[in-house]
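Colleague: with the input below, show me the fold.
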Amino acid sequence: MNFHNASFKAAYGTSEQLPASTLPEVSFAGRSNVGKSSLLNKLMYRKGLAKVSSTPGKTATINFYDVDGVDFVDLPGYGYAKVSKAEKGRWSELIEGYFNQERIFALVVSLIDIRHDPSALDKHMVEFLKASGLPFAIALTKADKLSKQQQAKQRASIRKALDLPKGTPMVVTSSESGTGIDELRTLISRYVDEA
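Modeller: Residues are numbered from 1 along each chain as shown. Coordinates of the predicted model:
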């Protein structure tokens, strides 16, 4: 899969607007400030394709990117406190509405900040993925902020906290240093081939 071959396709504000799924989809889910846009840009060898915002909770739409004939789907970040109830409701409708559709789910990448224990929302997301039987992997972000030893410790602790099924891939990543990015690209390519 050629990750250089990436372009923005479209953004949707409600799940009804989503077009039918015709290509394998790799979806990215995570908290508002987990570094989703930065990770996407790094994966796609781009600086500003996915809009990185200084204000968490800015991505209020589902954004589709075409990466070499595969749809990368950037889901709105969840759990940002400064957003109105109505907006939070719209986000959860978007995310749930997306997952409740008949789509070609190749892989869901659940992003979690390696520096912290998984939040209740992170756990909720992973429980949902386990229950729905969707293929998923965990990407631990912001690894450059920890030493190698701390990374290994946090990785083990997060795996335990999420009670992950045996064999669930977990990749330690950093958009800053590039740690784990090639590993994640390889993982995505493998799941896309199997979709």
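Colleague: for the rest of this, base every contact and every neighbour count on C-alpha atoms.
Modeller: Fine.
Colleague: in which helix or strand does the residue lying farthest from the centre of the chain reside?
Modeller: What lies farthest from the middle of the chain is residue 149; by C-alpha atoms, centre = their mean that is 24.8 Å. Assigned by DSSP states H and E, residue 149 belongs to helix 148-162.
Colleague: so what touches that helix?
Modeller: 114, 115, 116, 117, 118, 123, 126, 140, 143, 172 (C-alpha atoms under 8 Å, 6 or more residues apart in numbering).
Colleague: list the buried residues of it.
Modeller: Going by neighbour count (16 or more other C-alpha atoms under 10 Å), the buried part of helix 148-162 is 151, 154, 155, 157, 158, 159, 162.
Colleague: so how far is the next helix or strand after that helix from its chain's centroid?
Modeller: As assigned by DSSP H and E, the chain's next helix or strand after helix 148-162 is strand 170-172. Distance of strand 170-172 from the chain centroid (C-alpha atoms, centre = their mean, to the nearest Å) equals 12 Å.
Colleague: which other helices and strands contact strand 170-172?
Modeller: Under the contact criterion of 3 or more C-alpha pairs under 8 Å, 6 or more residues apart in numbering; DSSP states H and E, strand 170-172 touches strand 136-141.
Colleague: just the angle between the strand it packs on and helix 148-162, please?
Modeller: Going by axes from the mean of the first three to the mean of the last three C-alpha atoms, to 10 degrees, strand 136-141 is angled at 140 degrees with respect to helix 148-162.
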